[in-house]
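Engineer: here is my input, please return the structure:
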Amino acid sequence: MEERGKSKPAVSVIIPVYNLENYLDTCLDSVGRQTYGDFEAIVVDDGSTDGSQAVALRHAERDARIVVISTVNQGAARARETGIRHAKGDYICFLDGDDVWDSRMLEKLVAAIGENGGYDIVCCDYKRICKTYEAPKREMRTSDMQGLDFLVASLYHAISVTVWGRLYRRALFEKELRHYPLRLGEDSLLNIQIGCQQPRVRFVDYVGYGYVQRGGSANRSPLDIGYCVKFSEAVHAELVRHRDVVGDRLEFYLLLNKMRWYLVYLRKSHNPWAGDTEFARGINAEAERYRAELEGFFSRCDWLLLRMDRRRWMRPGVLAVSTLMRWGKSLKRRLAH
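Structural biologist: Below you'll find the predicted structure:
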């Protein structure tokens, strides 16, 4: 169990790995260079078929803080769950095996916890690392959160939907957390479940995490409407399970998340006929009930996409608008660099 009174809490770093031989050396080197030394690094090799395990074992031989666990391939979410079961630290921090940390990552996050373990989650900024450029990405919300703030922000993506770049109190994972077999969005669902525990959250204005963007990673895969429906069903199941916490806001929270994921789907789609007219009409009809409240959550471009998508003949226009939005976002990142 965790000791709240400790001045320097121990941290368990969980690193899921699957066929990352070409990236893992750099990742583990960044862990070994941490200025905060009270940590264990649990590398969970998720059935790799390349030399990833050999790389991890080589680092474990040099650094006693690194532990390697091998499992059959079940996906990153299951690999993280395995790491959590073996974790001994007061706090848990996730790091993907192809990403990197700044040398002061743990030092900065631990320092922000506050006296007597005041915060349950501490978040930092990150930077995208591509072949041609690096660009810092700051959280849109930087003030502290409490109550259901973290849940709501996770539902409509006001903050990053990932689990990396954060320090979580281990006790948050001792509640019953359910696993949903989704190829994408498992991080988001985990944060939604944790958000139902009403954690106290602090944001640190510091770029500590390096997110390496590479071809073939799951979060760069195209979405389909079936996934949006499946994800909405999983969110609905979680909100119903925590009805005692969300109360009469359940339907609003579900709609908030459904709208956000459908917009993500529209923006990622490169097929002008890939939308779902009935699904879009259903979302628009539900949105009318909460129109005034939803205005503060979505931009004018978001509303334009949703309205246009109700009519199949306007699909090419939806693709054009979403493409322009995607290009604009990419250009903004490059100019920021």
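
Engineer: low-confidence regions, the stretch 1-150 of the chain specifically.
Structural biologist: 1-7, 115-117, 132-133, 139-142 (pLDDT under 70).

Engineer: what about residue 11, neighbour count?
Structural biologist: For residue 11, the count of nearby residues is 25 (other C-beta atoms under 10 Å). C-beta here means a position set from N, CA and C on the backbone, and glycine is covered the same way.

Engineer: okay, it and residue 95: tell me how far apart.
Structural biologist: If you measure residue 11 against residue 95 using C-beta to C-beta, to the nearest Å, the figure is 11 Å.

Engineer: give the helix, strand or coil label for residue 202.
Structural biologist: With DSSP: H, G, I helix; E, B strand; the rest coil as the basis, residue 202 sits in strand.

Engineer: need the contact list for it.
Structural biologist: Residues near residue 202 by C-beta atoms under 8 Å, 6 or more residues apart in numbering: 112, 113, 114, 119, 121, 122, 123, 144.

Engineer: not counting its neighbours along the chain, what's nearest it?
Structural biologist: Once flanking residues are discounted, residue 202 sits nearest to residue 119: 4.5 Å by C-beta to C-beta, 6 or more residues apart in numbering.

Engineer: all helices of the stretch 201-337 of the chain, in order?
Structural biologist: In the stretch 201-337 of the chain, the helices defined using DSSP state H, counting those that start in this stretch lie at 225-241, 243-246, 250-268, 277-289, 291-294, 300-308, 315-336.

Engineer: nearest to residue 136, of those helices?
Structural biologist: If you check each of the helices of the stretch 201-337 of the chain against residue 136 by C-beta to C-beta, helix 315-336 wins as the nearest, at 7.1 Å.

Engineer: picking up where we left off before, state the pair within the contacts of residue 202 that is farthest apart.
Structural biologist: In terms of C-beta to C-beta, the contacts of residue 202 reach their longest pairwise distance at 114 and 123, which sit 13.9 Å apart.

Engineer: for those two, indicate the residue with more neighbours.
Structural biologist: Using other C-beta under 10 Å as the criterion, residue 114 and residue 123 rank with residue 123 on top: 27 against 11.

Engineer: my reading is that the more buried one lies in a strand. Confirm?
Structural biologist: Yes - using three-state DSSP, the assignment for residue 123 is a strand.

Engineer: distance of residue 98 relative to residue 79?
Structural biologist: Here residue 98 is placed at a distance of 13 Å from residue 79 (C-beta to C-beta).

Engineer: among these two, which residue is more densely surrounded?
Structural biologist: Per other C-beta under 10 Å, whichever of residue 98 and residue 79 has more neighbours is residue 79, with 25 against 22.

Engineer: report the secondary structure state of that one.
Structural biologist: At residue 79 the chain is in helix, as set by three-state DSSP.

Engineer: so where's the stretch 151-300 of the chain uncertain?
Structural biologist: The stretch 151-300 of the chain contains residues with pLDDT under 70 at 215-223, 269-277.

Engineer: again, 80 this time
Structural biologist: Within the stretch 151-300 of the chain, the segments meeting pLDDT under 80 span 181-184, 214-227, 265-280.

Engineer: and the strands in the stretch 1-150 of the chain?
Structural biologist: For the stretch 1-150 of the chain, the strands defined by DSSP state E, counting those that start in this stretch cover 11-17, 39-46, 66-71, 91-94, 100-101, 121-129, 134-137.

Engineer: distance to residue 155 added to those strands, as JSON lines?
Structural biologist: Shown next, in JSON lines, are the strands of the stretch 1-150 of the chain (distance: least, C-beta to C-beta, whole Å):
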{"stretch": "strand 11-17", "distance to residue 155": "24"}
{"stretch": "strand 39-46", "distance to residue 155": "28"}
{"stretch": "strand 66-71", "distance to residue 155": "31"}
{"stretch": "strand 91-94", "distance to residue 155": "20"}
{"stretch": "strand 100-101", "distance to residue 155": "28"}
{"stretch": "strand 121-129", "distance to residue 155": "16"}
{"stretch": "strand 134-137", "distance to residue 155": "20"}
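
Engineer: my read: residue 199 touches residue 123, true?
Structural biologist: No - if you go by C-beta atoms under 8 Å, residue 199 and residue 123 don't touch, sitting 10.9 Å apart.

Engineer: go through the strands of the stretch 1-150 of the chain and name the closest to residue 259.
Structural biologist: Comparing the strands of the stretch 1-150 of the chain against residue 259 with C-beta to C-beta, the closest turns out to be strand 134-137 (22.5 Å).
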